[in-house]
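>>> please find the sequence and the predicted model below.
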Amino acid sequence: MSYIAVIGAGSWGTTLASLLHEKGYDLNLWANEKEVADEINDKGTNSIYLPGTGLPAGLRATSDIGLAVQKARYILNVVPTQFTRAVFSAAAGRINPDAIIISASKGIEHGTLMTVSEILHETTGRRTAALSGPSFAKEVIRKMPTAVTLAAADADTGLILQEIFNTAYFRVYTSTDIIGAEIGGALKNVIAIASGISDGLELGHSARAALITRGLAEISRLGSSMGADPQTFAGLSGLGDLVLTCTGPLSRNYSVGLNLGRGMKLKDILASTKSVAEGVATALSAYELSQKRGIEMPIVEQIYEVLYMDRNPEAAVRSLMTRSLKAEF
């Protein structure tokens, strides 16, 4: 079967590598930290990112990026967005000319305001696709039912990738709207921080429902302005991922917001974990992107101010609730 490289051995990368390995694919998992690769090889565990979880027998990892990608026909990127450019710039010269790169990372790059698939295409020149949707690593690794979207511009490529990733517990739907899938996946993390703040302030279920709904409206406005199909945001990579990330206690971004709402400082929250909450970095990029494109995104703006301007979360809530009145649609 086709050789696959999974780049990034955090919780999601390790989970997807385990899924593909159990399907019988010849696979290598790249870890940035040598100690993580060594533990996967020697003990069959990844205690830093998936504590208490045994990995499938025979799953192999390496910390040599060139070795990881050199034979790969399919490369799955699970590197945090802000590090993707550096990792794939270093790997580009070793990547198979016919390789297809699938992004499972969710964010927008600082400065360039590019999505991950755009970064990957620019650094490698290879075809790209995106895997997105409501999925927690700790549930997928336990084979709990999950459904996601695989977006590829070429429908035939999408069908091939659908077959590669689909299992009896991990159902994969196809789409041709890469930008929609990526914008939905990136921006839901910012709204999840808002949802966590709301719960941390004990504002109630009604407030959280309003944030999810109005957050979806902001995501749809931005994505549509970038050429996405508005229907995408009603699907798994839009509404589905948004609901999960805004309500699930396993969400890193929700947890960041929850602790902010309870009075913790951002630097202390981020220092307490090795896992990356993509929404923190994406809030800055999303705010800048909304300003550049002239798209009104009041929730994103307030989260940007809370994270980067040290705005009091309660003041941010007041700003949202006292804006000028308008029609919903």
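In hand now; what should we look at? It should be emphasised that the depicted structure is a prediction, and the values quoted were computed from it without experimental measurement. Residues are numbered from 1 along each chain as shown.
>>> drop to CA atoms for contacts and neighbour counts, all remaining ones
OK.
>>> is Ala207 in contact with Ser198, as I believe?
Yes. With contact defined as C-alpha atoms under 8 Å, Ala207 counts as touching Ser198 (6.9 Å).
>>> more neighbours: which of the two?
Remark: of Ala207 and Ser198, Ser198 carries more neighbours, 25 against 15, as counted by other C-alpha atoms under 10 Å.
>>> so the more buried one touches Gly204, yeah?
Yes. The criterion here is C-alpha under 8 Å, and Ser198 meets it with Gly204 at 7.4 Å.
>>> what helices and strands are in contact with whichever strand or helix holds Gly196?
Element membership of Gly196 [criterion: DSSP states H and E] is helix 178-200. Applying 3 or more C-alpha pairs under 8 Å, 6 or more residues apart in numbering; DSSP states H and E, we find helix 178-200 packed against strand 127-132, strand 146-152, helix 205-225, helix 241-247, helix 252-261, helix 278-293, helix 298-308.
>>> buried ones in whichever helix or strand comes after the first one?
The helix or strand immediately downstream of strand 127-132 is helix 137-140, counting by DSSP H and E. By 16 or more other C-alpha atoms under 10 Å, the buried positions in helix 137-140 come out as Ala137, Lys138, Val140.
>>> check the second one and give its pLDDT.
Taken from the predicted model, the pLDDT recorded for Lys138 is 96.
>>> same question for the one 5 residues further on.
Model confidence at Lys143, given as pLDDT, is 98.
>>> so how far is Gly257 from the nearest residue to it once chain neighbours are set aside?
The spatially closest residue to Lys143, leaving aside those adjacent along the chain, is Tyr169, at 5.7 Å (C-alpha to C-alpha, 6 or more residues apart in numbering). Separation of Tyr169 from Gly257 (C-alpha to C-alpha, to the nearest Å): 30 Å.
>>> these two: which is more packed in?
Counted by other C-alpha under 10 Å, Tyr169 and Gly257 do not tie: Gly257 has more neighbours, with 33 against 14.
>>> where in this structure is pLDDT low?
For the chain, applying pLDDT under 70 flags the ranges 1.
>>> ok, 50 please
Low-confidence segments of the chain (pLDDT under 50): none present.
>>> which residue is nearest the centroid of it?
Lys106 (2.8 Å; C-alpha atoms, centre = their mean).
>>> that residue reaches Gln82, doesn't it?
No. Lys106 is beyond contact range of Gln82, at 10.1 Å (criterion: C-alpha under 8 Å).
>>> pull the CA atoms of the helix holding Gly196 into PDB?
Output of helix 178-200 as PDB, limited to C-alpha atoms (Å, rounded to 0.1, in the frame of the first residue of the first chain):
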ATOM      1  CA  ILE A 178     -10.600  23.700   0.700                       C
ATOM      2  CA  ILE A 179     -10.800  27.400   1.700                       C
ATOM      3  CA  GLY A 180     -14.200  26.900   3.400                       C
ATOM      4  CA  ALA A 181     -13.000  23.800   5.300                       C
ATOM      5  CA  GLU A 182      -9.900  25.600   6.500                       C
ATOM      6  CA  ILE A 183     -11.500  28.900   7.500                       C
ATOM      7  CA  GLY A 184     -14.200  27.000   9.400                       C
ATOM      8  CA  GLY A 185     -11.500  24.900  11.100                       C
ATOM      9  CA  ALA A 186      -9.300  27.900  12.000                       C
ATOM     10  CA  LEU A 187     -11.900  30.400  13.100                       C
ATOM     11  CA  LYS A 188     -13.900  28.000  15.300                       C
ATOM     12  CA  ASN A 189     -10.900  28.000  17.700                       C
ATOM     13  CA  VAL A 190     -11.300  31.700  18.300                       C
ATOM     14  CA  ILE A 191     -15.000  31.400  18.900                       C
ATOM     15  CA  ALA A 192     -14.300  28.500  21.300                       C
ATOM     16  CA  ILE A 193     -12.100  30.800  23.400                       C
ATOM     17  CA  ALA A 194     -15.100  33.200  23.600                       C
ATOM     18  CA  SER A 195     -17.300  30.300  24.600                       C
ATOM     19  CA  GLY A 196     -14.900  29.300  27.300                       C
ATOM     20  CA  ILE A 197     -14.800  32.800  28.600                       C
ATOM     21  CA  SER A 198     -18.600  32.900  28.700                       C
ATOM     22  CA  ASP A 199     -18.700  29.700  30.800                       C
ATOM     23  CA  GLY A 200     -15.800  30.900  33.000                       C
END
